[in-house]
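In: I would like to see how this sequence folds:
(chains A and B)
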Amino acid sequence: MKMLTCSRLSSYFSSSVRWLGKGVAVLWVIGAASVQAQQLDQPQKQSESAQAPVKWVQAKDLPAEATEAGNTKEKPGVVSTVLNWWHSTDRPGDLQIHGFVSQAYITTSDNDVFGNSDKGGSFGLTEAGLNASLRPLPRLQLSAQVLSRRAGEGNSGMPRLDYAIFDYRLYSQEVNQFGIRVGRLKNPFGFYNETRDVAFTRPSIMLPQSIYFDRTRNLGLSSDSVQLYGDTAVSDWGTLSTQFGVTLPVVNNRDTESSLLGLVRPGELNREISYIGRGIFETNDKRLRLGISGIWLNTSYDPKKLHSPLELGPGSLEFTPVIFSAQYNSERWTLTSEYAIRPFSYDRNFKSTKLNGQHFVGESYYFQGEYRFTPKWEGFLRYDALFIDRSDRDGSDWIAKDPAGRSGLGHSRFAKDIAVGIRWNVTPAFMLRAEYHHVNGTGWLSGLDNPIDLKTGRPIDTHQYWDLFAIQASYRF
Amino acid sequence: MNLFHFSLQAQFSRHCFLKTRACLCFALTLCLWVVAVEVRANDHYEIVTNPGVNEKTLSVNSLRSIFSMRLKTWSDGTKIRVFVLSDEDQLHQIVSKEKLNVFPYQLRSTWDRLVFSGTGQAPIKVNSSEEMLARIATTPGAIGYLWRANINENVNVLEIK
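Out: Numbers count the residues shown, from 1 in each chain, chains lettered A, B, ... in the order given. Sure thing, here's the model as predicted:
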């Protein structure tokens, strides 16, 4: 009996030894492989250093050829060879050209997002951009970008000037910089606004809509402005980057009108002096980023058909959102959260009971986690919430003001979106991704894609609970 | 019979154990050796500049500011031109993590923000160490990094404090 136990024990022992043996074998293989890699590396390095003087003469005489030799080693395709040549050739004034193209396919269970997405899906979201930057003087940078965006009814794909910037560095001393920018500038608010059209810089196909509304994007995206900026070292902890601008917002588009005034009106929104500012503190290791952004946007309505009973009066409105942003970066995780408080106030000259004297405060926030499984595979999970009026989160007070016209439409006053997605960086320049959203509420749907019936003033076909699935391919250079 | 069986088994497991111990020792030595090689490799690179650059030393914060593309001019007012290898390159990753204390993906997103908002430029990408050496040696105001084995007298080594 004892022996049996012993024998069992020893067989147990030997099996565990076998496991250990296997583990060691695996370790050994890995170790050997990495050693081999190291060994392969070493002679190569030595030969490189040995050949360096010879190569150096070639490189000096024929820099272009040396570049080509470097390229052929990787055996790239024609496009990347051309791009490498393009990126590695010296041009006067340090000219750089970059661009991107993205195409998404979006399908929804109900409601339309970027085209007729609820009837079998649509390829309605195409984004493309091309930019050039130049440094004719050490302190001067000129840059411009043309952007084409085809997205539902709001954006036709017609290329437009996205930014055109004259940037002069007034003061520069090690880690402290101070300068001025003039032209059409991207509006600095939140973490993502300035590069929201570039799929590679976004965490997902659809940015958190509670803060980065796609329906008022033209208003939020860029504006003609004069901006002062600075980077200051904060003791030994990190850098504070601040921007402050005086702007003329871009309000002359249908989507903005429909969002601010409820409908596309015959008249126009006027551009009035507005202000924008942002400060982002970033620790030296870029692990922690904290930001605060504020906008003071002014616009007024310029009516065209003064005698029409449906036309609005010449009212003006003020929109003053403040956004708090925080991000933590580790090797695998990026955790991001932003919170926005968005006060709207309309004056009493609109001649409309729906708009006159309206004052409400919207609230938005999201929590988002991104995880890098490998440098090529990333995933994200996000909860995003929007309330048009934070004192009336389910829209019941809003319904109570006009029960006949608004009953059952409380869901247009909020949206809560749970999203999950995956991203595959096929190459540094090409990326594929997919994501799924489950949304409760229609608060951020575009009024142009989901029109209202002019007689009843109610949306023709929107649903409170809906799902969205999207895939996207993106290329950049 | 049972006893015999046991002793056999015991012998066998002792044999296994010895073998395992040998394996373990071997693996450990290998690991240590790999670590040693790694350590040796890690201080085998330098931040280098074009010989025309006046700076001989630079603070870590200034270096980070340069590779973040925020600091654009040397102290004498000339242009800084930053050269980097691809994001996947081993040397690029080591320099990012050890010298700059940031992950390569963070540098990439910093550069993307600058390029696509029009507020800055990206560093110039080169495809190999030889190209890095050639470009830094011939480009006024250039800064980059190289394995020590690839460095020659045509570039200056920058001391980072």
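In: pLDDT score for the most centrally placed residue in chain B?
Out: When chain B is reduced to its mean C-alpha position, the nearest residue by CA atoms, centre = their mean turns out to be residue B:94, at 2.3 Å. Residue B:94 carries a pLDDT value of 95.
In: Show the residue spans covered by the helices in the chain.
Out: Went with chain A since none was named. Per DSSP state H, chain A has helices spanning A:2-61, A:63-74, A:78-88, A:217-221, A:254-261, A:396-400, A:403-406. These are given in chain order.
In: Not quite, go with chain B.
Out: Remark: helices assigned in chain B by DSSP H are B:2-42, B:60-67, B:90-94, B:104-117, B:129-138.
In: Quickly, which of those bottoms out on average pLDDT?
Out: Looking at these, the bottom one is helix B:2-42 with a mean of 52.
In: could you dump stretch A:350-362 to PDB, C-alpha only?
Out: Listed next in PDB are the C-alpha coordinates belonging to stretch A:350-362 (Å, rounded to 0.1, in the frame of the first residue of the first chain):
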ATOM      1  CA  PHE A 350     -36.600  84.500 -32.600                       C
ATOM      2  CA  LYS A 351     -40.400  85.000 -32.700                       C
ATOM      3  CA  SER A 352     -40.700  81.300 -32.000                       C
ATOM      4  CA  THR A 353     -42.100  79.900 -28.800                       C
ATOM      5  CA  LYS A 354     -39.800  76.900 -29.200                       C
ATOM      6  CA  LEU A 355     -36.600  78.900 -29.300                       C
ATOM      7  CA  ASN A 356     -37.400  82.300 -27.600                       C
ATOM      8  CA  GLY A 357     -35.700  82.700 -24.200                       C
ATOM      9  CA  GLN A 358     -34.700  79.000 -24.200                       C
ATOM     10  CA  HIS A 359     -31.900  78.300 -21.800                       C
ATOM     11  CA  PHE A 360     -30.800  74.700 -21.100                       C
ATOM     12  CA  VAL A 361     -27.600  73.000 -20.100                       C
ATOM     13  CA  GLY A 362     -26.500  69.900 -21.800                       C
END
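In: what sits up against it?
Out: Taking CB atoms under 8 Å, 6 or more residues apart in numbering or on different chains as the criterion, the residues outside stretch A:350-362 that touch it are A:261-262, A:301, A:311-313, A:315, A:321, A:340-349, A:386-392. Just so you know, the C-beta spots here come from the backbone N, C-alpha and C atoms, and that holds for glycine as well.
In: do stretch A:213-224 as well
Out: Taking CB under 8 Å, 6+ apart as the criterion, the residues outside stretch A:213-224 that touch it are A:114, A:151, A:154-155, A:162-163, A:183-187, A:189, A:193, A:196-197, A:206-207, A:212, A:245, A:247-251, A:253, A:255-256, A:258-260, A:274, A:276, A:297, A:444-448.
In: close enough to count as contact, residue A:317 and residue A:348?
Out: No. Here residue A:317 does not reach residue A:348: they are 11.2 Å apart, not a contact under CB atoms under 8 Å.
In: of those two, who's got more company?
Out: Per other CB atoms under 10 Å in any protein chain shown, whichever of residue A:317 and residue A:348 has more neighbours is residue A:317, with 20 against 11.
In: Name the nearest residue to that one, sequence neighbours excluded.
Out: The spatially closest residue to residue A:317, leaving aside those adjacent along the chain, is residue A:346, at 4.7 Å (CB to CB, 6 or more residues apart in numbering or on different chains).
In: how close does the one you found get to residue A:318?
Out: Taking CB to CB, to the nearest Å as the criterion, residue A:346 is separated from residue A:318 by 8 Å.
In: So between these two, which is more surrounded?
Out: Comparing residue A:346 with residue A:318 by other CB under 10 Å, the one with more neighbours is residue A:346, at 22 against 17.
In: I'd like to know how far that one sits from chain B.
Out: 32 Å (CB to the nearest CB, to the nearest Å).
In: What confidence value was assigned to the residue in the stretch 151-300 of chain A that chain B sits nearest to?
Out: Distance from chain B to each residue of the stretch 151-300 of chain A (CB to the nearest CB) is smallest for residue A:194, at 3.7 Å. Reading off the confidence values, residue A:194 has pLDDT 91.
In: in chain A, what spans have low per-residue confidence?
Out: Along chain A, segments meeting pLDDT under 70 span A:1-92, A:218-219, A:306-307, A:309-310.
In: redo that, cut-off 50
Out: Scanning chain A with the threshold set as pLDDT under 50 gives A:1-75.
In: Strands - which of the contacts of stretch A:350-362 land there?
Out: Assigned to strands by DSSP state E, the following of the contacts of stretch A:350-362 qualify: A:301, A:340, A:341, A:342, A:343, A:344, A:345, A:346, A:386, A:387.
In: Wait, the first one touches residue A:263, no?
Out: No. In terms of CB under 8 Å, residue A:301 does not count as a neighbour of residue A:263; the distance is 11.5 Å.
In: Between the two, which is the more surrounded one?
Out: Higher neighbour count among residue A:301 and residue A:263: residue A:301, with 26 against 15, using other CB under 10 Å.
In: about what we covered before: which among the contacts of stretch A:350-362 count as buried?
Out: Neighbour counting by 16 or more other CB atoms under 10 Å in any protein chain shown classes A:261, A:301, A:311-313, A:315, A:321, A:340, A:342, A:344, A:346-347, A:349, A:386-389, A:392 among these as buried.
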